[in-house]
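Visitor: Return atomic coordinates for the entry below.
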Amino acid sequence: MPSIFSRIVSGELPAYKVAEDGRHLAFLDITPLVEGHVLVIPKKETDYIFDLPTDELAALHAFSQRVAKAVKVAVPCKRVGLAIIGLEVPHAHIHLVPMTKVSDMNFANPKIKVAEARMQELAAAIAAKVEGGSGLSEAKAGADGATSAAVPPPLEAAVKGLHFMSESEAPLEAVAYAAPGGDLSNAALLKLLDEPTDAKVETLELTQFLRNHTADDGVLGDVELANRFKALQMFMKQDMDGVQVYRVGSEPKIHAYALGRMMDGTLAGFKTVLTET
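Guide: All right, here's what the predicted structure looks like:
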């Protein structure tokens, strides 16, 4: 049975959200120790926080840091305390508690009741102060209907001016999507990319996909271009998780998407068009 937090992630239950990315969610505790008490969770349901892989635990704490800094600005306090208890809900979570004194962090204290209007006010105030944006409203539907997000500048620079050679030449376009956390089914992927729901999907490893372009002289016999493709491949493999190439559709025109997860959960990479007959 899904935890209460997983039901919040899925949208089944409401919450006073203050920040979100592809892998994490932060929202106000509805039975807080003090006003502005926030819970930070990974979207992937994991009972014990220290069962998270090292990189996921680090990402959760990095996300919590951004939220804590926003709480410190939005809610009057001396410090924001952090606590991990792990016995209340079988879903890993971090408590961020605004403090003016040490006893504010005593979980044996009676919980307070905060009016709905005040909870909404607090959530909005904290969300407005999250460095880099709360993630609650940044995602937007593009002209093609896909849910887009800001393309990381290093990725934009790495892709700029590159073209993929199949039976014709097509530019590489840097892309980013505000995708839900976890593995994507083909149906969810096609919806995210605004591709036809019945489109054929094939997967390919990035190194295999770029092999002709990263050869010593590259497919065009240009060492400089080959080195740029090598740098792009290295960036994606080092800075992204789960990089995969998705071939969508059928001959003669196939849409190819090379995508991986950035640290903030954004699904990013590049897309191009393959001509195959």
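Visitor: Strands of this structure, residue ranges please.
Guide: 17-20, 24-28, 38-42, 79-83, 94-99, 140-141, 147-148, 163-165, 169-171, 173-177, 201-204, 241-248, 253-261, 267-275 (DSSP state E).
Visitor: so which of these comes closest to residue 114?
Guide: Judged by CB to CB, the one of these that comes nearest to residue 114 is strand 24-28, at 8.1 Å. The way it works is simple: take the backbone N, C-alpha and C, and place the C-beta from them, glycine included.
Visitor: For burial, what's the neighbour tally of the residue nearest to residue 3 when sequence neighbours are not counted?
Guide: Among residues not flanking residue 3 along the chain, residue 91 sits closest, at 3.9 Å (CB to CB, 6 or more residues apart in numbering). A count of neighbours around residue 91, defined by other CB atoms under 10 Å, yields 24.
Visitor: gap between the nearest residue to residue 9 once chain neighbours are set aside and residue 167?
Guide: Once flanking residues are discounted, residue 9 sits nearest to residue 43: 4.9 Å by CB to CB, 6+ apart. Residue 43 is 41 Å from residue 167, where distance means CB to CB, to the nearest Å.
Visitor: Look at the two and report which has more neighbours.
Guide: Taking other CB under 10 Å, residue 43 and residue 167 do not tie; residue 43 has more neighbours (21 against 10).
Visitor: Hmm, the more buried one is touching residue 8, no?
Guide: No - look at residue 43 against residue 8 with CB atoms under 8 Å: they stay out of range, at 9.6 Å.
Visitor: what's the overlap in contacts for the two?
Guide: Counting by CB atoms under 8 Å, 6 or more residues apart in numbering, the common neighbours of residue 43 and residue 8 are residue 25.
Visitor: Do you have the helices of the protein handy? List them.
Guide: With DSSP state H as the criterion, the chain has helices at 4-10, 54-74, 116-128, 153-159, 186-193, 206-209, 223-239.
Visitor: got the CA coordinates for the shortest one in PDB?
Guide: Extracted C-alpha coordinates of helix 206-209, given in PDB (Å, rounded to 0.1, in the frame of the first residue of the first chain):
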ATOM      1  CA  LEU A 206      24.600   6.700 -26.000                       C
ATOM      2  CA  THR A 207      28.200   5.500 -26.900                       C
ATOM      3  CA  GLN A 208      26.700   3.200 -29.600                       C
ATOM      4  CA  PHE A 209      24.500   6.000 -31.000                       C
END
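Visitor: buried ones in it?
Guide: 206, 209 (16 or more other CB atoms under 10 Å).
Visitor: Then the second one?
Guide: Neighbour-count burial for helix 54-74 flags 56-57, 59-60, 63-64, 66-68, 70-74 (criterion: 16+ other CB under 10 Å).
Visitor: Same check on the third one?
Guide: Using 16+ other CB under 10 Å as the burial criterion, the residues of helix 116-128 that qualify are 119, 122, 123, 125, 126, 127.
Visitor: so which of the residues you listed comes closest to residue 256?
Guide: Residue 256 has its nearest neighbour among those in residue 127, at 36.2 Å by CB to CB.
Visitor: wouldn't that closest one be in contact with residue 16 here?
Guide: No - in this structure, residue 127 is not within contact of residue 16 by CB under 8 Å, at 9.5 Å.
Visitor: I'd say residue 130 and residue 68 touch.
Guide: No - applying CB under 8 Å as the test, residue 130 and residue 68 come out as separate, 10.0 Å apart.
Visitor: where in the stretch 101-250 of the chain is pLDDT low?
Guide: For the stretch 101-250 of the chain, the stretches with pLDDT under 70 are 137-148, 180-182, 217-220.
Visitor: domain assignment for this structure?
Guide: Domain segmentation of the chain under automatic domain parsing yields 4-128, 141-275.
Visitor: now these as JSON lines including distance to residue 134?
Guide: Below are those laid out as JSON lines (distance: least, CB to CB, whole Å):
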{"stretch": "domain 4-128", "distance to residue 134": "4"}
{"stretch": "domain 141-275", "distance to residue 134": "12"}
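Visitor: Distance of residue 150 relative to residue 258?
Guide: Relative to residue 258, and taking CB to CB, residue 150 is found at 18 Å.
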